[in-house]
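Trainee: Need the 3D shape of this:
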Amino acid sequence: MKKNFDFENLILLVGTNPLPQFVIAEYFLKKNENINTIWLIYSEENKDVNQEGTNIQANNLERLIRERWDRHPSLKFPLEKVSLFDVGDFRKINDDMEKKVMKEITYESIHLNYTGGTKSMGICIYWILRNTDRFTQRSFSYLDARNFRLIDDNDGIIAEDLRNEVNLSFEELINLHGFRRKNSDSKIENIEDSLKKFIEIIKKKEIENFYNCLKKENTDYLKNKDKVISCIEKNPVFKSIIESLPDELKIYDFDKNQLVENYNNIRGKTYDYFNGKWLEHYIENFLKKIKKENNNKQICVLRNWEIKKENYNYFQLDVIFLNAYQLISISCTMSSNKGICKKNGFEVVLRTRQIGGDEARAILITFAESFSAKIMQQELIYETGGSKNILVLGIEDLKPEILNKKLKKFLFDD
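Mentor: Residues are numbered from 1 along each chain as shown. This is a model prediction of the structure:
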């Protein structure tokens, strides 16, 4: 395996997803102190040939690389961005490369990673650089995204698992794609007892007893105070959940046998908790335990990120598991309805792929029965064009021993 690099020019092709180029740049900057210039080659917006531009991706990529490496004065380097007028025309690519790259390179050794960009762009630039005699040293590589490997044309595998070499924060990841966080962190203290109680009634298959008590209400079912009191008095399962709530969500005073005085002020937050926030917290806590068990500092677990991009509607990721730079997003729904579940599944696959690229994965947590969950998983894999890119779990899978096994297998390819 090749471990020493001495090329002076790193050439990267920028496509619609700049994450692979960041990973490659970060890896080589760590391994090769001889790099003098990074070249980011991107496509111009060209309506005449129906060509989308990737200048924004190139700008975002440049910003992140500089933020990372300009902190080290001894490692400063030039970074050049080069636009291609028509990435579908070899002659025009050749002209742009000749004028903007070949005549401008001042060092004798180059390395091209041809992972990004369009196929025609990669093939043309590869051919141009492979067949020139202007450089004393030329090398080429590509990123095998699904296996996280960096492979050199001549030397084979350079890095077995780039997740051990490169990591970034989730904020850096979304910024790389032009997104920003819309909301801020919110935390409910002392919810452990409540989460244990929810899992207890799931194990006993009593979860429906809790929700059926209030299900007939068309809107916020906690608006009907009389119905809430009746459920507490007549439904032991419902009462046990209410008793387990933390102070900021507790809507009933059992010492006085009445609703709390500030009921109207807190019932909205309690309703949101019943309506799915408890499930997000449960999955978040479970993933944090997995992180602790693996003693893996490169893993980050987050919850409830609303993400916004200029001129686009915001979207929410319920729970986030970031392993170095590999994104796994989790969507939680308490529905067992196939239509609702699959809609959430399509959404989480789309958004995860949009931010995390080909190596990203998605998990859909549902209240469906096991057989239905398996069918939905097969359908989502087929309909989203992925290859085992999504895991769908049902209500039986929420039991700790089952959840632990299935999550670990999916997260770490065990």
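
Trainee: just the helices in the protein please.
Mentor: 19-31, 55-69, 90-97, 119-130, 170-176, 192-203, 207-212, 225-234, 236-244, 263-272, 278-294, 338-356, 370-383, 400-412 (DSSP state H).

Trainee: Packed most tightly, which of these would that be?
Mentor: Highest mean neighbour count of the helices of the chain: helix 19-31, a mean of 22 (counted as mean count of other Cβ atoms under 10 Å). C-beta: built from backbone N, CA, C; applies to glycine.

Trainee: Average pLDDT for it, rounded please.
Mentor: When pLDDT is averaged over helix 19-31, the result is 94.

Trainee: Now do that helix against helix 338-356, angle only.
Mentor: Helix 19-31 and helix 338-356 are oriented at 40 degrees to each other (axes from the mean of the first three to the mean of the last three Cα atoms, to 10 degrees).

Trainee: packing partners for helix 19-31?
Mentor: Other helices and strands packing on helix 19-31, by 3 or more Cβ pairs under 8 Å, 6 or more residues apart in numbering; DSSP states H and E, are strand 9-13, helix 55-69, strand 109-113, strand 137-144, helix 170-176.

Trainee: I'd like the helices of the chain as TSV, with distance to residue 328 appended.
Mentor: Shown next, in TSV, are those (distance: least, Cβ to Cβ, whole Å):
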stretch	distance to residue 328
helix 19-31	14
helix 55-69	21
helix 90-97	37
helix 119-130	28
helix 170-176	11
helix 192-203	21
helix 207-212	25
helix 225-234	37
helix 236-244	29
helix 263-272	24
helix 278-294	9
helix 338-356	7
helix 370-383	15
helix 400-412	6
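
Trainee: of all the ones you listed, which lies closest to residue 40?
Mentor: helix 55-69 (4.8 Å; Cβ to Cβ).

Trainee: thinking again about what came up before, residue 46 is nearest to which of the helices of the chain?
Mentor: helix 90-97 (9.8 Å).

Trainee: same question for the closest one, mean pLDDT?
Mentor: Across helix 90-97, pLDDT averages out at 94.

Trainee: so how far is it from its chain's centroid?
Mentor: Here the centre of helix 90-97 is set off from its chain's centre by 36 Å, with Cα atoms, centre = their mean, to the nearest Å.

Trainee: circling back: got a markdown table for the helices and strands packed on helix 19-31, with distance to residue 359 too?
Mentor: Shown next, in a markdown table, are the helices and strands packed on helix 19-31 (distance: least, Cβ to Cβ, whole Å):
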| stretch | distance to residue 359 |
| --- | --- |
| strand 9-13 | 17 |
| helix 55-69 | 17 |
| strand 109-113 | 16 |
| strand 137-144 | 9 |
| helix 170-176 | 12 |
